[in-house]
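Enquirer: show me the folded form of this:
(chains A and B)
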There are 2 protein chains.
Amino acid sequence: MPKAITRKSEDFDRWYTDTVRRAELADYAPVRGCMVIRPYGYALWERIQRALDDMLKRTGHENMYFPLLIPESYLLKEAEHVKGFAPEVAWVTQGGQKELEERLAIRPTSETIICSMFADWIHSYRDLPVLINQWANVMRWEKRTRLFLRTSEFLWQEAHTFHETHAQAAAEVDTGLECYRELAEEWLAIPVIPGRKTESEKFAGAEYTLSIEAMMSDGWALQSGTSHHLGQNFTRAYGISFSDRENVLQHPFQTSWGLSTRIIGGLIMAHGDDAGLVMPPRVAPIQVVVVPVTRSNDPEGAAAVDEACRRIAAEAGDVRLRVDRREGIRPGEKYAHWELRGVPLRLTVGARDLATGQVTVTRRVDGESWAEPLDGVAARLPALLDEVQARIRSRAEGLLRDRSVEVRSLDELREAFAERPVFANAPFCERPACEEAVTSAAHALTIRVLRRDRSGEVGRCLACGEASSEVALIARAY
Amino acid sequence: MPKAITRKSEDFDRWYTDTVRRAELADYAPVRGCMVIRPYGYALWERIQRALDDMLKRTGHENMYFPLLIPESYLLKEAEHVKGFAPEVAWVTQGGQKELEERLAIRPTSETIICSMFADWIHSYRDLPVLINQWANVMRWEKRTRLFLRTSEFLWQEAHTFHETHAQAAAEVDTGLECYRELAEEWLAIPVIPGRKTESEKFAGAEYTLSIEAMMSDGWALQSGTSHHLGQNFTRAYGISFSDRENVLQHPFQTSWGLSTRIIGGLIMAHGDDAGLVMPPRVAPIQVVVVPVTRSNDPEGAAAVDEACRRIAAEAGDVRLRVDRREGIRPGEKYAHWELRGVPLRLTVGARDLATGQVTVTRRVDGESWAEPLDGVAARLPALLDEVQARIRSRAEGLLRDRSVEVRSLDELREAFAERPVFANAPFCERPACEEAVTSAAHALTIRVLRRDRSGEVGRCLACGEASSEVALIARAY
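Expert: Just a heads-up that it's a prediction; the model follows:
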């Protein structure tokens, strides 16, 4: 039987890497900072893509594809943007046998190339809004790498939109964030806190940035999707203009929003346990595994077991079900194999249970087992899976509730983090000096967001004591 | 009304570029050799992807994702391969602020990085076969560019597989080619000729290469998908080995096969006409467009037209249907708009027709129009679309039949191409000197493939007159 993975409580970081590699989601590649996404991990990404792509289309977005390489001169046009991204760009300097006259950036994000194209395509208010999206690989040269969470190359979706008015763009920024909230909560079973980034944490070139923040099971935060209001910063720099309804030339207002393979890291860290992954059924590549248990000295029993497995598979309909018929592997080893991979439900089909017309169902999230009649068990799977989905989400919600605290001063903040990482909520005035005071109050603190759901709450800033109308979410973050 | 596109008969190349750009499939990007795929073109690619991805999964392949960048030392390991690809590689030499110690190739194809990973993952015959696939962007630094047909960056699928025996790998090479044939013929309505490439035209590093060749409507050929038997060339070079069933260490046999956005160029050139695109319904992003025709002095008629359009849209079910309600655009302009985009069926809904309970159906492929009762017209759309699909295919088959000739000598070959480009079939002995004689017999001739369906046919080589058992397909090619 293969060695168990590192226990989560013992060493969270090693547990994470063990889980990703041993569950065959991904592995390190022999290229600095890059990873290989393996079939099980890619199947999970395909599920996430399909869910989000459906939402994007439902909200009126169309997919396009822009070039991987961006000439340096294009990147230079928006000053804040280039300052933010230049340090992490990979540069192509040779094409074929020749030195290039201008070096080309591998896209770290695509605002610049997209603006340069839409400068030709947008002329009138009738051309607006533009609502497009791209599924692509991007590259940001990272010093430290963690599978899914931080890799030099990653896969993502980047939506880019242009609008007549500031307010319409603001509504679109909200649409983007709402797609991400729906994906995180309804599909990945991860409760999130939406909010606005502080000035120091916003996207390079944005007017403001919204984000959803999720709590991992060690109490750390993961920024899981961001949506940016770009104002007219890029459209001005790239010379995009349209004649408005009064026939006056204007720069359109722009947004961009992205969600990446990083979210897979979030799913692992939000739900996983000592035995490995816990997959929410709605995105699980395999939702149900059927393990036949037979004895070599009972051929009649084996035939009945085989017959029952076939019947369950035939009746499972749209449920993503696999029968584990591998030979020479003991049932216990199979159980561990699928537990490591987080398959939501296991059906154990043995001759003794079958004699009374039953099979055993085991729920991955809490290890509960019970007998179900073989008759109709396949038809009951969707309802059982829905219940698992709800349990995983409610457990994550419970964790978030238990590890959230309200603090009113820097002392209370320090105290809150004395024992373990938490999500601390505090009135905050938004002054840079106060942000500095907050983040240096204890090791590795960051202001994740100014909470959307509590915006306007009147209080006194935890750092300076002056009047505040925002509540900051303060946490350690991946 | 916008200017008409260049006529196909007048200038095929300009017609092609006009069609791609004016139908908003794609456009040139301000990056050397690269293109932007616009929403209509990308929606078409998504249809093609979905069809092929379903076939790949049905035949047991799983998707993965490998890094974009490949260290130069990895590329150098298989001698033939590097000789073939090195001249067209784009090189990353700087990452972040630093000069790299080893330059990194943007993948021109992924055999090398994939082999380097599977060297760690394949140990025993129990690990075989490996059947994986990747959807990705690749880059080959091209001197001359044509939208979809030849761009420095393109999107594709690359399947990579490892097998215990040469024969199993050969069967897999056939599986790949059969997926491509099915995609081309059943989905894209393009008849293809499958065959084997000559030694001089095979993939760099392959033992042999199979291809499907399609006839464009100007009589030129387009290589539309290739499938390679790599023997043990790469597995030996990259040190991949497994203990076989006799516990002897062996190198696995390998295949790879790819199909790219190039196929969109093939679809355009195979079916398009003077009015623009002709989309086969099975992959058409929009299958049916409904154009309401109303008069401003007939509000009652307009209400009836609007009601009928709503009813058709509501009853259309899975049919991809759009009602063109744009205001301020005359019907004739709308007709041209959708003809340019190749939408298979148009329903014209006008008050006069409605008075007798009818709408007008117009078929893009041949311009035929007829009246259909409004009652149940939506339910008849799937059958009408099937008929369109069959007509487009049969027209393409007719062209291929009409422009194929049998030749028995170089003189007959020259004569066959004197008037216009054709597909010439000729007995061929496979000697390099004879290939040279064939390709220089007239301008720009190439041996596309040795036809699979006529392999073993006894004859005398058209060049040297010696005994031959293969029939070469000779054509000009994109």
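Enquirer: just give the closest residue to the closest residue to chain B within the stretch 351-478 of chain A, not the sequence neighbours.
Expert: When distances are taken as Cβ to the nearest Cβ, the stretch 351-478 of chain A approaches chain B most closely through A:Y478, which lies 20.7 Å from it. C-beta here means a position set from N, CA and C on the backbone, and glycine is covered the same way. On the basis of Cβ to Cβ, 6 or more residues apart in numbering or on different chains, the spatially nearest residue to A:Y478 that is not a chain neighbour turns out to be A:L222, at 5.0 Å.
Enquirer: one more: A:E72?
Expert: Distances taken as Cβ to Cβ, 6+ apart place A:R103 nearest to A:E72, at 5.2 Å, with adjacent residues excluded.
Enquirer: surely the one you found is in a helix?
Expert: No - according to DSSP: H, G, I helix; E, B strand; the rest coil, the state of A:R103 is strand, so it is not within a helix.
Enquirer: packing partners for the helix or strand of chain A with the lowest mean pLDDT?
Expert: In chain A, no helix or strand scores lower on mean pLDDT, DSSP states H and E than helix A:79-85, which sits at a mean of 84. Applying 3 or more Cβ pairs under 8 Å, 6 or more residues apart in numbering or on different chains; DSSP states H and E, we find helix A:79-85 packed against helix A:72-75, helix A:233-237.
Enquirer: would the next helix or strand after that helix count as contacting chain B?
Expert: Under the assignment DSSP states H and E, the closest C-terminal helix or strand after helix A:79-85 is strand A:90-95. Yes - on the criterion Cβ under 8 Å from any Cβ of the partner chain, strand A:90-95 is in touch with chain B at A:90-95.
Enquirer: now the closest residue to A:E78 other than its chain neighbours: how far from A:K77?
Expert: Spatial nearest neighbour of A:E78, excluding adjacent residues (Cβ to Cβ, 6+ apart): A:A237 at 4.4 Å. With distances taken as Cβ to Cβ, to the nearest Å, A:A237 is found 5 Å from A:K77.
Enquirer: what's the answer for A:S394, then?
Expert: Note on A:S394: its distance to A:K77, by Cβ to Cβ, is 48 Å.
Enquirer: what's the answer for A:E164, then?
Expert: Following Cβ to Cβ, the distance that separates A:E164 from A:K77 is 23 Å.
Enquirer: quick one: contacts for A:E397?
Expert: By Cβ atoms under 8 Å, 6 or more residues apart in numbering or on different chains, A:E397 lies in contact with A:P191.
Enquirer: looking at this, it is in a strand?
Expert: No - the assignment for A:E397 (three-state DSSP) gives helix, which keeps it out of a strand.
Enquirer: show me what residue of the stretch 201-350 of chain A gets nearest to chain B.
Expert: When distances are taken as Cβ to the nearest Cβ, the stretch 201-350 of chain A reaches nearest to chain B at A:T261, 8.6 Å away.
Enquirer: low-confidence ranges in the stretch 1-150 of chain A?
Expert: Using pLDDT under 70 as the threshold, the predicted model of the stretch 1-150 of chain A has low-confidence ranges A:1-2.
Enquirer: in it, which spans are strands?
Expert: For the stretch 1-150 of chain A, the strands defined by DSSP state E, counting those that start in this stretch occupy A:26-28, A:35-37, A:62-63, A:69-71, A:90-95, A:98-106, A:130-139.
Enquirer: A:V449 pairs with what?
Expert: Bridge pairing for A:V449 (DSSP bridges) gives the partners A:L473.
Enquirer: just the element for the most centrally placed residue in chain A, please.
Expert: Among the residues of chain A, A:I263 comes closest to the average C-alpha position under Cα atoms, centre = their mean, at 1.9 Å. Secondary structure from DSSP H and E places A:I263 in helix A:262-271.
Enquirer: which residues touch that helix?
Expert: The list of residues contacting helix A:262-271 from outside it, by Cβ under 8 Å, 6+ apart, reads A:16, A:19-20, A:25, A:41, A:44-45, A:48, A:146-150, A:154, A:183-184, A:188-190, A:214-218, A:220, A:222, A:224-225, A:277-280, A:283, A:342, A:365, A:392, A:395-396, A:478.
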